[in-house]
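*Asks:* can't give you the sequence, but here's the structure:
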């Protein structure tokens, strides 16, 4: 058994398959899931695991060169907006557009977050 890092075998395996430019959508329980991308659903119950916890864990495992979030997050969910502010190359689009962009993600990680707009599309970078 792994000693540290991501223990969920489905998520660990999916992360290992990602390449440069691949998209990873980290989303709340209210985000509609498009058909196509691989989904790792971590939601246990409302609020568990939290968006912040999942994002922190993913950022420890991934190289991220860009991110896209819904512009509505800034007013509707200031806590999530503060978390996202530290992401490189962060851009904002209307939530409707973020839902459309999510169909192009290679991986979707669903959290148990139950607050609005706790969603971000990460673009993978390379470590060299």
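*Replies:* Nice, thanks for sending it over. Because the structure is predicted, anything quoted here is derived from the model rather than measured. Residues are numbered from 1 along each chain as shown.
*Asks:* Checking residue 4 next. Helix, strand or coil?
*Replies:* coil (DSSP: H, G, I helix; E, B strand; the rest coil).
*Asks:* where's it relative to residue 55, distance?
*Replies:* 18 Å (CB to CB, to the nearest Å). (Each C-beta comes from the backbone N, C-alpha and C, glycine too.)
*Asks:* Name the residue in the two with the higher neighbour count.
*Replies:* residue 55 (24 against 6; other CB atoms under 10 Å).
*Asks:* my guess is residue 32 contacts residue 98, does it?
*Replies:* No. With contacts counted by CB atoms under 8 Å, residue 32 stays clear of residue 98, the gap being 10.7 Å.
*Asks:* For the two, indicate the residue with more neighbours.
*Replies:* For residue 32 versus residue 98, neighbours defined as other CB under 10 Å are more numerous around residue 98 (23 against 7).
*Asks:* Which helix or strand contains the more buried one?
*Replies:* Using DSSP states H and E, residue 98 sits in helix 95-102.
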